[in-house]
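S.K.: sequence unknown, structure follows:
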């Protein structure tokens, strides 16, 4: 049975993340210490103790989610032989480390630079996002075209799409979606308008940071967010990571393409709950999902 690993992005964080595995695994404790030294602050303490408001800040959320997935991947990777990987937004960088494209140290550095650049972009171009449930993608896209500064950002699964844009545009789009019959349309608590043109300053800064980073070809295909296609060549992966900052996450298409390529089993690595697994099951009930968690 062909197996793919899935790595979550922002929204997978929770206060206490990493504490159980650190208590029981010396290698995990060592990795957390290495991360603290690379970052120059105590990420482990923020993950273990919070507070939640601090952990939700993009500059801390992204390194925390990355490190949490890597702790669990390092513990469990010998229990399965994945033939492909994918990550949702930030999780794509985690997939790159797991597939040998980046070292752990370089991966964490890339995540830090991405998070810092996005934090600055959030402050420079304030925005927000909203989840729209129970509408066809084309219906949501049509509404986005009518509202200045709003775009479709995350195509998560059929009937679930996230839009991104200005703080004035998103409420207008939410109201239009409700009038069009959305089952639910609500703003989500995020720091900015991710995967939209408002992140252009972040993309520019991130491109400068990653352009000189050493990257190797992937040990297995990575289905990337920007085109939902499988990639192994280092330079293609690099350019797609850069583009991803302002482009939508094509998660539904990514899973559908993995299905076409024969992938039946999907293992979600890290996070709390079954965010990605739930999306996969909504894309097709014929797929098998499981999760590697701390406990």
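M.R.: Now that the structure is in, tell me what you want to look at. Just so it is clear, the structure is predicted and the values come from calculations on it, not from any experiment.
S.K.: CA atoms for contacts and neighbours, from now on please.
M.R.: Will do.
S.K.: ok, the residue of the chain positioned farthest from its centre - contacts?
M.R.: When distances are taken from the C-alpha mean of the chain, residue 179 lies farthest, 30.0 Å away, according to Cα atoms, centre = their mean. With contacts defined as Cα atoms under 8 Å, 6 or more residues apart in numbering, residue 179 is in contact with no residue.
S.K.: Mind pulling up the pLDDT for it?
M.R.: At residue 179 the predicted local confidence, pLDDT, stands at 97.
S.K.: try residue 272
M.R.: According to the model's per-residue confidence, residue 272 sits at a pLDDT of 81.
S.K.: Does it touch residue 14 like I think?
M.R.: Yes - taking Cα atoms under 8 Å as the definition, residue 272 is a contact partner of residue 14 at 7.1 Å.
S.K.: Could you check how far stretch 261-269 is from the centre of its chain?
M.R.: Mean-position distance between stretch 261-269 and its chain equals 17 Å (Cα atoms, centre = their mean, to the nearest Å).
S.K.: and it, average pLDDT?
M.R.: Mean predicted confidence for stretch 261-269 is 97.
S.K.: what's next to it, contact-wise?
M.R.: The set of residues external to stretch 261-269 that reach it, using Cα under 8 Å, 6+ apart, is 1-8, 69, 72-73, 274, 276-277, 286-293.
S.K.: Show me which positions of the helix or strand harbouring residue 5 end up buried.
M.R.: For residue 5, the enclosing helix or strand under DSSP states H and E is strand 2-7. For strand 2-7, the neighbour count (16 or more other Cα atoms under 10 Å) marks 3, 4, 5, 6, 7 as buried.
S.K.: what helix or strand is residue 185 on?
M.R.: When the helices and strands are read off by DSSP H and E, the one containing residue 185 is strand 184-188.
S.K.: Show me what that strand pairs with in its sheet, parallel or antiparallel.
M.R.: According to DSSP bridges, strand 184-188 has the following sheet partners: strand 127-133 (antiparallel).
S.K.: How far off centre is the helix ranked longest in the chain?
M.R.: When secondary structure is assigned using DSSP state H, the longest helix within the chain turns out to be helix 104-124. Its chain's C-alpha centre and that of helix 104-124 lie 13 Å apart, by Cα atoms, centre = their mean.
S.K.: swap in stretch 21-28?
M.R.: Here the centre of mass of C-alpha atoms in stretch 21-28, compared against the chain's by Cα atoms, centre = their mean, lies 24 Å away.
S.K.: just to revisit the earlier point, okay, angle between whatever helix or strand comes next after the strand holding residue 185 and helix 104-124 too, please.
M.R.: The C-terminal neighbour of strand 184-188 among helices and strands, as given by DSSP H and E, is helix 200-210. Relative orientation of helix 200-210 and helix 104-124, computed by axes from the mean of the first three to the mean of the last three Cα atoms, to 10 degrees: 160 degrees.
S.K.: name the helices or strands packed onto helix 200-210?
M.R.: Judged by 3 or more Cα pairs under 8 Å, 6 or more residues apart in numbering; DSSP states H and E, the packing partners of helix 200-210 are helix 104-124, helix 234-244.
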